[in-house]
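Participant: Sequence and predicted structure below; questions after.
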Amino acid sequence: MFAMLSALLLTAGGCVSYDTYRQERAERATRHFEQICDRELPKGTVLTLVDCIELALLRNVDLEVSRLEERIARERITAEVLGMLPDLEVSNNWFMRSNRPGSSSKSITYGGATYNYSQSSEKFENDVKIEMALSVLDFGLAYFNTSQASDKALMETERLRRTEQNLRLEVTRVYLKVAATQDAMEITEELLKKCRNIEDLIAGMLKAKTI
């Protein structure tokens, strides 16, 4: 009774309601978002295209999900391969005898032999048996499932490689776009400086009678 009550209390304590789980997820998301917002590069840091690609490959969520899916697919191959192994059964029987007399016999004729009580010569016996059973049907199904799992793992590997390629392409496109924008801003600032000094330039040219 006490064990059953303890099990019920542990089960009740381990249960989490939907609202509690949702609140916990919201708190974790808020905390992680604040940590991400606090990440700032030192001023004056210059990132090359290679640096940007490495950071993207390291911290991209979609890419991390693809990596996890690939690991799961590879573990499924191992699970299916283990299904091809034969069933192994091990039994261990231990016997003990008291060596008490079991039966005896005596000749009813004159001069006949008299037999003593029969008893076992070994008081203890230990019988260990190991059996392996291989089912052709189970082996065939496991082999077929292993082939399918290998194909799925290959698909996940190719999907991961394609995700990395798309991420590299997207980072390169954004990097070149930002670089072009920065170059245009520098050219525009130079032009604005020249426009601000145009009046002084014209006045100086008039005094020098160059126009």
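Facilitator: Received, thanks.

Participant: Every contact and neighbour count from this point should use C-alpha atoms.
Facilitator: OK.

Participant: Of all residues in the protein, which one is nearest the centre?
Facilitator: The centre of the chain sits closest to residue 68, judged by Cα atoms, centre = their mean, with a distance of 4.8 Å.

Participant: Do you know the pLDDT at that one?
Facilitator: Per-residue pLDDT puts residue 68 at 87.

Participant: Residue 211 now?
Facilitator: Value for residue 211, per-residue pLDDT: 67.

Participant: so residue 125 sits in a strand?
Facilitator: Yes - counting by DSSP: H, G, I helix; E, B strand; the rest coil, residue 125 is located in a strand.

Participant: Look at it and say how many residues are nearby.
Facilitator: Neighbour count for residue 125, taken as other Cα atoms under 10 Å: 11.

Participant: and it, what are its bridge partners?
Facilitator: residue 95 (DSSP bridges).

Participant: Give the rounded mean pLDDT of the host helix or strand of residue 162.
Facilitator: Under the criterion of DSSP states H and E, residue 162 resides in helix 136-196. Here helix 136-196 scores 86 as its mean pLDDT.

Participant: List of residues touching the helix or strand harbouring the residue nearest to the centre of the chain?
Facilitator: Per DSSP H and E, residue 68 falls inside helix 61-82. With contact meaning Cα atoms under 8 Å, 6 or more residues apart in numbering, helix 61-82 is reached by 57, 142-143, 145-146, 149-150, 152-153, 156-157, 159-160, 163-164.

Participant: what do you get for stretch 183-190?
Facilitator: Under the contact criterion Cα under 8 Å, 6+ apart, stretch 183-190 has no outside partners.

Participant: Could you give me the buried positions within that stretch?
Facilitator: Residues of stretch 183-190 classed as buried: none (neighbour count, 16 or more other Cα atoms under 10 Å).

Participant: Past the helix or strand containing residue 30, which element shows up next along the chain?
Facilitator: If you go by DSSP H and E, residue 30 is part of helix 18-37. Using DSSP H and E, the helix or strand that directly follows helix 18-37 along the chain is helix 49-59.

Participant: what separates that next one from the chain centre, distance-wise?
Facilitator: 22 Å (Cα atoms, centre = their mean, to the nearest Å).

Participant: Against which helices or strands is that helix packed?
Facilitator: With contacts defined as 3 or more Cα pairs under 8 Å, 6 or more residues apart in numbering; DSSP states H and E, helix 49-59 has these neighbours: helix 136-196.
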